[in-house]
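Trainee: no sequence on this one, just coordinates:
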Ligand code: MG
Ligand code: MG
């Protein structure tokens, strides 16, 4: 079943998701060649706890950290480590919080220093695919309309859509129904109504769509070693247009200053 949120509950979800947005901006200022992903994880955990919230991923299914940090050909679910970021890497950071019992969940793929033009293009298309999906998160449409829009945008750039992972509803749980696939057909899937809150999170590969699970039990990598990007918003379905509960503005203010 789908949980439809009241306006008040959407407001609470917005607070949780804004804290995630601010957390990602906090670490955005520190992402540069020479620092480790574990360092970013510690900063994020302190920031979340200082703001009266709890990291949502830490302990979730046994995940050991606050952030998922996935570098280059890692798609998602990378575990923070003593890996030292280097010039030209891309780093997907996925972050979740629990604030007042409500979950926030967002992801952004950061350039580390200067990145190749072709990799920047992958980030731009993945971001644009997310925005295309958001346009479809409207009352009366179906989840497949989002899936189709995301896939169409990604494939128009010559990229492939990861099939092994999907977006999801969010609320008092991190993962609620419906599943929000990044590929699919228009007019299929559950009908959306005002107050449905979902995470749309395209995972887009420069090469083949297939992935591999690493032996750490978490990290997902592309099968061909080519880079992968991931951006995620939480959005509340509404009439006319969705309300995006996440913002990348804080992050981009920081990145533009660098
Ligand atoms: Mg996420
Ligand atoms: Mg998610």
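Mentor: Cool, the structure landed. Every value quoted in this text rests on a predicted model; they were computed, and no experiment measured them. Ligands and ions are numbered 1, 2, ... in the order given.

Trainee: And the spatially closest residue to residue 83 that is not a sequence neighbour, how far from residue 67?
Mentor: Spatial nearest neighbour of residue 83, excluding adjacent residues (Cβ to Cβ, 6 or more residues apart in numbering): residue 37 at 5.5 Å. Glycine gets a C-beta too; all of them are placed from N, C-alpha and C. Note on residue 37: its distance to residue 67, by Cβ to Cβ, to the nearest Å, is 8 Å.

Trainee: cool, residue 33 as well?
Mentor: Distance of residue 33 to residue 67, given as Cβ to Cβ: 18 Å.

Trainee: neighbour-wise, which of those two wins?
Mentor: residue 67 (31 against 13; other Cβ atoms under 10 Å).

Trainee: Need the residues touching each of residue 37 and residue 67.
Mentor: Common contact partners of residue 37 and residue 67 (Cβ atoms under 8 Å, 6 or more residues apart in numbering): residue 80.

Trainee: helix/strand/coil for residue 233?
Mentor: For residue 233, the secondary structure call by DSSP: H, G, I helix; E, B strand; the rest coil comes out as strand.

Trainee: Just confirm it contacts residue 130, I think it does.
Mentor: Yes: shown here, residue 233 and residue 130 form a contact pair, counting by Cβ atoms under 8 Å, at 6.1 Å.

Trainee: okay, those two: which has more neighbours?
Mentor: Neighbour totals were compared for residue 233 and residue 130, and residue 130 leads with 30 against 26 (other Cβ under 10 Å).

Trainee: Leaving out the residues flanking it, which one is nearest to the more buried one?
Mentor: Excluding the flanking residues, the one nearest residue 130 by Cβ to Cβ, 6+ apart is residue 231, at 4.7 Å.

Trainee: Show me which residues of this protein are close to ligand 1?
Mentor: Within reach of ligand 1 by Cβ under 5 Å from the ion, the chain has these residues: 94, 105, 107, 232.

Trainee: correct me, but the last one touches residue 199?
Mentor: In this case it means residue 232. Yes: the pair residue 232 and residue 199 qualifies as a contact (Cβ under 8 Å) at a distance of 5.7 Å.

Trainee: overlap in contacts of these two?
Mentor: The overlap between the contact sets of residue 232 and residue 199 (Cβ under 8 Å, 6+ apart) consists of 105-106, 167.

Trainee: Taking the stretch 151-258 of the chain, what residue is nearest to ligand 1?
Mentor: As assessed by Cβ to the ion, ligand 1 sits closest to residue 232 within the stretch 151-258 of the chain, at 4.7 Å.

Trainee: That residue - how many residues pack around it?
Mentor: Residue 232 has 23 neighbouring residues, counting by other Cβ under 10 Å.

Trainee: Tell me who's in contact with it.
Mentor: So residue 232 contacts 94, 105-108, 130, 167, 199-201, 246 (Cβ under 8 Å, 6+ apart).

Trainee: Can you lay out those as TSV showing pLDDT and secondary structure?
Mentor: Shown next, in TSV, are the contacts of residue 232 (pLDDT from 0 to 100; DSSP: H, G, I helix; E, B strand; the rest coil):
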residue	pLDDT	secondary structure
94	98	strand
105	98	strand
106	98	strand
107	98	strand
108	98	strand
130	98	helix
167	98	strand
199	98	strand
200	98	strand
201	98	coil
246	98	coil
